[in-house]
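[1] Any chance you could fold what I've pasted below:
(2 chains)
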Amino acid sequence: MVTAFSLSKGLTTLSGLLLLSFGSLAASQIEDQAEQFFRSGHTNNWAVLVCTSRFWFNYRHVANTLSVYRSVKRLGIPDSHIVLMLADDMACNPRNPKPATVFSHKNMELNVYGDDVEVDYRSYEVTVENFLRVLTGRIPPSTPRSKRLLSDDRSNILIYMTGHGGNGFLKFQDSEEITNIELADAFEQMWQKRRYNELLFIIDTCQGASMYERFYSPNIMALASSQVGEDSLSHQPDPAIGVHLMDRYTFYVLEFLEEINPASQTNMNDLFQVCPRSLCVSTPGHRTDLFQRDPKNVLITDFFGSVRKVEITTETISLQPDLEIMESRDKKDWMDEELMEPLKYAEQLPVAQIIHQVYLISENFHLNHCSTC
Amino acid sequence: MGSGGNTGDTLTFPLDEQEGRWELCMYRFLLQFMMKYWPKASFSEPGASVLFCFLPCALGILSPAGLSQDTMSYIGPERTAVVRGFTHREAFNIVGRRVIQVAQAMSLTEDVLAAALADHLPEDKWSSDKRRPLKSSLGYEITFSLLNPDPKSHDVHWDIEGAVRRYVQPFLSALSAAGNFSVDSQILYYTVLGVNPRFDPASSSYYLAAHSLPHVINPVESRLGSSAASLYPVLNFLLYVPELAHSPLYIQDKDGAPVATNAFHSPRWGGIMVYNVDSKAYNASELPVRVEVDMVRVMEVFLAQLRLLFGIAQPQMPLKSLFSGPKSEGLTTWELDRLLWARSVENVATATTTLTSLAQLLGKISNIVIKDDVASEVYRAVAAVQKAAEELASGRLASAFIASQAAVTSSERAFFDPSLLHLLYFPDDQKFAIYIPLFLPMAVPILLSLVKIFLETRKSWKKPEKID
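    Here you go, the predicted model:
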């Protein structure tokens, strides 16, 4: 009786243990699958960074764009995957008291221009037409590779635009505008050809939220620095340079990005909280209804960095080395034979002899013909 | 065509070293024998006829000594298969069903179709197999790079040209129906991986944990020069010889166990393998130590990664059958057929959606001008899509694939033509706002003078009546 009881107890504990282990196995499998489910399906990252304003007093827009460029490069997106469009050259502007530099913080702490900036579209090349051509891919065939957006259906693209804007438009180069409907149509053309997997659109202009109102393509998330009817304000002037160095929204976004490294797990909800009204004076807005995943599952590095998906290679194929060794032995003999004869220089012109000959001839000439001199 | 080359000319008795079972050798010999005396032309084209051999089970010499009783069919590497027959009333039916099973398993199946059409179907995030393969393209560029971060300690030599000629070229020529391939190689010095390996005191070696592998690639990529090479998609294969200070270096998987191949790959990018220098080489001589890379081991891993990156995967076997692995080239003709099927279907789907969205764009914006060459590309694309569909239906894979590639090229050229950029967005209220201030001031005096002229002529008509 006692043994039977202990046996049954042992059995129950054993079965309980087995169930637990199976349960944990199953749970870990489900966890793995769940992890995969919430992760993004992209394999590469692109960034299109656009500054649309000319003139010296719009220094801050160039500094905004260059700071985002630096962050994006630091987090891993290579230059070949960044399309940088700057409408004016502040570093070499005649009014710049510190030439070849663009500072983003007062007291000149951080030079965002640096030595290795690669600007793809500069000064008058930044037009609405070129911008739309880059996005939709309808580029003349002679365009160099660095000026193209060669994304595919597994690319996550970050688009950052800054400049002067209004209700429903963004001003380019003080002479033309892009409207929110054109932008929405361009994104739809990109979606039709599956030129992106997911798109993050950030805009730092006055009334920026109007620019993302008209989007209708899937998988787009948008952030703006101010609502319709509000102005985005600049951050701080620098007395030495004489202009405002950055805009508030971008300044605080960059402070946030400074804490991100390629392995961090911070998600988009934190980015939405950046720059509350007390700091920014305007109210930043965001739009996520077109995006399929929940923003709390979207990592910052999905768009700002370039974290590759990797898989361990577990299988190999077997190759037959034997036959090949026979082949290579024959080849080696043949090559050795060729190398048997010693190498030496080809026959050269005897330059020294020629000069000597010429000298002798000229001496004779003089002796023969210049007896009168 | 990659199939009938060497088997048609000489009959070799293949030694199945891996399996070591002589009856499999007999099966292979039988298949080679049949292929030699069958009309050759029917096997040279992709998607062409398949050879099935039936063996009566009463045949003594082929009674399975080590083979399990259950195995009913053996699928060979070159569109051939052996099916075991048996004595039964319903023998023909059963054998016929078996043949159909084998044929269906080895040809276009649902998962292959789903992978090919992954773009156009609602996304299924559960499987990463569908995201791994490269998209169909006209050609591919394959780059082999040797990374030597410590030339002071290691003088690394690799016979890459020989290895490419012996192992990679046969594979690529077997795949040549799927596109143009070009291969290059380079050696990079003083290039380090972006991640510092950790030291494992238990095995006194260094390791790279699985979660740090994604960050290895980016710092290296800027030095590879991959984007400058060509317009085709590039696959990079890197061989990394770790520095003396970090040798030996192993890659660990998620559970912490070292990976047998010491390699990992990234979808649509390529693969990296870590090659550890044998510690015996350090004892004898001074630095730098001459290292001769064992290209066979390296190429086994790289070719396996190449297969995975192209999406050539093991098909789902029907029950009770044995699949012989690929030949020395690394690719069976069944797999080539499946690849061409999948690519043709993908190309036709892409071309169709491109043309449809182009038509929608033109319908929405009425004032776009279509040039003649764009129109001719569209006609060409439509004709090519129809031809590809016909050829697929009749089973001529090679010509179907070529037609589908032509369809994709023409449709992309039509869609991405630079002249189709539409910039004019003119809402109605803006039209009024622009034209009214222009025309209204001009229109007012004109209208007034017209009214005046009309009144005067009316007066002049009435006047003669009054005066007599």
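[2] Might you report the residue contacts of residue A:262?
    A:75-76, A:301, A:305, A:307, B:215, B:218 (Cβ atoms under 8 Å, 6 or more residues apart in numbering or on different chains). All C-beta atoms are positioned from the backbone trio N, CA, C, and that covers glycine.
[3] Pick out the most distant pair among those residues.
    Of all pairs drawn from the contacts of residue A:262, the one with the largest separation by Cβ to Cβ is A:301 and B:218; the distance is 11.2 Å.
[4] neighbour count winner among those two?
    More crowded of residue A:301 and residue B:218, by other Cβ atoms under 10 Å in any protein chain shown: residue A:301, with 23 against 19.
[5] isn't there a helix covering residue B:454?
    Yes: looking at residue B:454 with DSSP: H, G, I helix; E, B strand; the rest coil, it is inside a helix.
[6] sorry, back to before: which neighbours do residue A:301 and residue B:218 share?
    Counting by Cβ under 8 Å, 6+ apart, the residues touching both residue A:301 and residue B:218 are A:76, A:262.
[7] re the thing from before, what would the contacts of residue A:262 look like in TSV with secondary structure?
    Supplementary listing: the contacts of residue A:262 in TSV, determined by three-state DSSP:
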residue	secondary structure
A:75	coil
A:76	coil
A:301	helix
A:305	coil
A:307	coil
B:215	helix
B:218	helix
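[8] most neighbours, which of those?
    If you count neighbours using other Cβ under 10 Å, the busiest of the contacts of residue A:262 is residue A:305, which has 27 neighbours.
[9] What residue in the stretch 101-250 of chain A comes nearest to chain B?
    Shortest the stretch 101-250 of chain A-to-chain B distance, computed as Cβ to the nearest Cβ: residue-wise this is residue A:192, at 3.9 Å.
[10] Just give the nearest non-adjacent residue to that residue, would you?
    Spatially, and ignoring its direct neighbours in sequence, residue A:192 is nearest to residue B:357 (3.9 Å; Cβ to Cβ, 6 or more residues apart in numbering or on different chains).
[11] Tell me how far residue A:86 lies from chain B.
    When Cβ to the nearest Cβ, to the nearest Å is applied, the distance between residue A:86 and chain B equals 21 Å.
[12] just the strands in chain A please.
    In order along the chain, chain A carries the following strands (DSSP state E): A:44-51, A:82-86, A:121-122, A:155-162, A:165-166, A:169-172, A:176-179, A:198-204, A:220-224, A:285-287, A:311-312.
[13] Need those in a markdown table (columns: mean neighbour count and mean pLDDT).
    Rendered in a markdown table, the data for the strands of chain A read as follows (neighbours: other Cβ atoms under 10 Å in any protein chain shown; pLDDT from 0 to 100):
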| stretch | mean neighbour count | mean pLDDT |
| --- | --- | --- |
| strand A:44-51 | 25 | 94 |
| strand A:82-86 | 24 | 95 |
| strand A:121-122 | 17 | 93 |
| strand A:155-162 | 25 | 95 |
| strand A:165-166 | 21 | 92 |
| strand A:169-172 | 23 | 93 |
| strand A:176-179 | 18 | 91 |
| strand A:198-204 | 25 | 95 |
| strand A:220-224 | 25 | 95 |
| strand A:285-287 | 18 | 92 |
| strand A:311-312 | 16 | 86 |
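[14] Just put these in JSON lines and tack on distance to residue A:95.
    Putting the strands of chain A into JSON lines (distance: least, Cβ to Cβ, whole Å) gives the following:
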{"stretch": "strand A:44-51", "distance to residue A:95": "17"}
{"stretch": "strand A:82-86", "distance to residue A:95": "16"}
{"stretch": "strand A:121-122", "distance to residue A:95": "18"}
{"stretch": "strand A:155-162", "distance to residue A:95": "20"}
{"stretch": "strand A:165-166", "distance to residue A:95": "25"}
{"stretch": "strand A:169-172", "distance to residue A:95": "21"}
{"stretch": "strand A:176-179", "distance to residue A:95": "25"}
{"stretch": "strand A:198-204", "distance to residue A:95": "23"}
{"stretch": "strand A:220-224", "distance to residue A:95": "30"}
{"stretch": "strand A:285-287", "distance to residue A:95": "34"}
{"stretch": "strand A:311-312", "distance to residue A:95": "53"}
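[15] hang on, the residue of the stretch 101-250 of chain A closest to chain B packs against residue B:359?
    No: judged on Cβ atoms under 8 Å, residue A:192 makes no contact with residue B:359 at a distance of 11.0 Å.
[16] For these two, work out which one has more neighbours and name it.
    Set side by side, residue A:192 and residue B:359 give different neighbour counts by other Cβ under 10 Å, the larger being at residue A:192 (18 against 11).
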